[in-house]
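*Asks:* sequence unknown, structure follows:
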């Protein structure tokens, strides 16, 4: 028994979580998700970057846009600038909150 090591995790593994049941595992994952901040970093990119930005906007999660890197990041930055400008116009001129573009 001492020579068999197939029961050991890989050497590069630093943590191992073992749950009594699937219910306990799901509860732990939900708790971890609720307590852990998440966000998307968008640097350059293409369609996938735009999808990340869209998901961030839908779910109110942070999106860190690295303006000036090109691609999707610059397009997302442009969208945010437009949204900020529209909000400022509504505030300054008392317009309604609907976008009529």
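*Replies:* That came through, no problem. Source: prediction; values computed, not measured.
*Asks:* so how far is residue 17 from residue 10?
*Replies:* 15 Å (C-beta to C-beta, to the nearest Å). For the C-beta atoms, the positions are set from N, CA and C on the backbone; glycine is no exception.
*Asks:* nope, residue 51 is what I was after
*Replies:* Residue 51 sits 30 Å away from residue 17, going by C-beta to C-beta.
*Asks:* between those two, who's got more neighbours?
*Replies:* The neighbour count for residue 51 versus residue 17, taken as other C-beta atoms under 10 Å, is higher for residue 51 (13 against 6).
*Asks:* check which element follows the helix or strand harbouring that one along the chain.
*Replies:* Using DSSP states H and E, residue 51 maps to helix 47-59. The element immediately downstream of helix 47-59 (helix or strand, assigned by DSSP H and E) is strand 63-65.
*Asks:* show me what that next one is packed up against.
*Replies:* The helices and strands touching strand 63-65, judged by 3 or more C-beta pairs under 8 Å, 6 or more residues apart in numbering; DSSP states H and E, are strand 40-42, helix 47-59, helix 71-93.
*Asks:* give me the buried positions along that strand.
*Replies:* Of the residues in strand 63-65, those with enough neighbours to count as buried (16 or more other C-beta atoms under 10 Å) are 63, 65.
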